[in-house]
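[1] let's see this in three dimensions:
(chains A and B)
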Amino acid sequence: MPDSSPSFTLPDPPIKPSGFDVGRAMWRRYDRWWLLLFAVIGLVVFLVRKVPEPYAEIFAFVQDGIIVTLKITIVSFFFILIVGMIGGLGRVSNNKLIHGTASLYVEIVRGIPVLVWLLWIWYALPQVRDLVGTAIAGVFPTVGQFLLDIRFEPFVAAVVGFTVAYGAYMTEIFRAGIQSIPKGQMEAARSLGMNYLQAMRFVILPQAVRVILPPLGNEFVTLLKDSSLVSVLAVSDLTRRGREYVARSFLSFDTFTMVAMIYLIMTLFFTRFFTAVERRLSIDKH
Amino acid sequence: MTEPIIEIRNVHKWFGKVHALDDVSLDVQPGEVVIIIGPSGSGKSTLLRSINHLEPVTSGEIVVDGIQLTNKSTNINAVREEVGMVFQQFNLFPHLTALDNITLAQRVVRKRKADEAAATARELLATVGIPEKADSFPAQLSGGQQLRVGIARALAMKLYIFLFD
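    Prediction:
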């Protein structure tokens, strides 16, 4: 007699987790990279306290450079965000002229190194100002003179340079973020009677910003590091202060190690900061 | 006989080589409920979407409440403010709570005050049977609950034309 029992067997039921591992979950909630940050801070504090010759002296010498670096980074980032948002909106625009202008801006700026942008704005732009100012002064003396009287501060030139250069990268980030939002969102907003800009402002951009937070934080940290390029514009940022100290003390190893650790503290902190913001704003509330 | 509120005349819609709408004509009277039935891909959604101009038609004419949709100079927003739509995929705004999903357009388009809009929204959530979900985000709602929020969101605009896809 043939075997009448079914020839297949049911898979074993999945093993139920025996209990929620609370300790582990708590550990996961706290970002472990904070520890690295505290370790580096600890090392700097240790060196300054225990080996004041030369570390306390170096720290005292470069500390106003830290403020300058942070100021350039934060002020530039603010303007970069504005340029990036406007540029991103331009890149997704259906208007050919707006789209074309935004695309041209991105393509040109992306193809030129940030350092060259800074040098051009600091050294070449004043010549453009003189040329244009003199030409206009021939026709409208007051307007021309006004142009000729514009003086760039190194700090302003740095912020303008970073805004132009990074604005292009930020434009692409915003474009990607806006395009990642499903088409149905715009349709729903428009079908409720909102116009294009209202839909962008209340529906698309709030979602897009959450999507682009990781690359946004990344750009901020990259900018913080690239801000060391402003030392070519005679801005006394952290890097330049370090070089100045080396020039008078010849303590290359100690000074640049200190400078490197201070950068690391700042970048680690801001990376953690953006990760925390990202978690707070997450919309996947399951 | 009253004036039809929606008039569709000889409408054609082509998606590339696909002839989605082939010479469609339809009149809808005020107060009338019209149900469009057909197999998948037969153009039901396309027809609905063309009524509030989410999908511009290739030829023919559509008149909603006396406003010519197929005329280029028409302010499409004026029509959209009068036509509510509930989507197949709901298309709720995932970054807003159920309540804010319903109040957003009231505040932005209708310029209602926040508390007034919220009161309307709570009333409507009670009408569709989920008053307790006001502060939930769409991801926390079931499919049926999301659909109810979608309906409430359209109803909140106090319109007289509704499209249910």
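[2] neighbours of the nearest residue to A:Leu81 once chain neighbours are set aside, how many?
    Among residues not flanking A:Leu81 along the chain, A:Met170 sits closest, at 6.6 Å (Cβ to Cβ, 6 or more residues apart in numbering or on different chains). For the C-beta atoms, the positions are set from N, CA and C on the backbone; glycine is no exception. Residues near A:Met170, counting by other Cβ atoms under 10 Å in any protein chain shown, number 28.
[3] for A:Arg110, see how far away A:Met170 is.
    11 Å (Cβ to Cβ, to the nearest Å).
[4] ditto for A:Leu148
    A:Leu148 is 32 Å from A:Arg110, by Cβ to Cβ.
[5] out of these two, which sits in the busier spot?
    Remark: of A:Leu148 and A:Arg110, A:Leu148 carries more neighbours, 16 against 12, as counted by other Cβ under 10 Å.
[6] how far away is the closest residue to the more buried one other than its chain neighbours from A:Val143?
    Residue nearest to A:Leu148 in three dimensions, not counting chain neighbours: A:Gly133, with 3.8 Å by Cβ to Cβ, 6+ apart. A:Gly133 sits 9 Å away from A:Val143, going by Cβ to Cβ.
[7] comparing those two, which residue is more hemmed in?
    A:Gly133 (18 against 12).
[8] which ones are touching the more buried one?
    For A:Gly133, the contact set (Cβ atoms under 8 Å, 6 or more residues apart in numbering or on different chains) comprises A:Gly144, A:Gln145, A:Leu147, A:Leu148.
[9] and the residue nearest to the spatial centre of chain A, how far from chain B?
    The centroid of chain A falls nearest to A:Phe220 when counting by Cα atoms, centre = their mean (1.9 Å). For A:Phe220, the distance to chain B equals 22 Å [Cβ to the nearest Cβ, to the nearest Å].
[10] surely that residue meets A:Ser76?
    No: A:Phe220 lies out of contact with A:Ser76 (Cβ atoms under 8 Å); the separation is 9.8 Å.
[11] so B:His79 touches B:His53, yeah?
    Slight slip there: residue B:79 is Val, not His. Yes: contact criterion Cβ under 8 Å: B:Val79 and B:His53 qualify, at 6.6 Å.
[12] spit out the residues that contact these two alike.
    B:Leu69.
[13] pull out the buried positions in the helix ranked longest in chain A.
    Ranked by number of residues, the top helix in chain A under DSSP state H is helix A:52-91. When burial is assessed from 16 or more other Cβ atoms under 10 Å in any protein chain shown, helix A:52-91 yields the following buried residues: A:54-55, A:57-59, A:61-62, A:65-66, A:68-73, A:75-77, A:79-81, A:83-91.
[14] what helices or strands is it leaning on?
    For helix A:52-91, the packing partners by 3 or more Cβ pairs under 8 Å, 6 or more residues apart in numbering or on different chains; DSSP states H and E come out as helix A:33-50, helix A:96-110, helix A:154-179, helix A:205-226, helix A:238-249, helix A:252-281.
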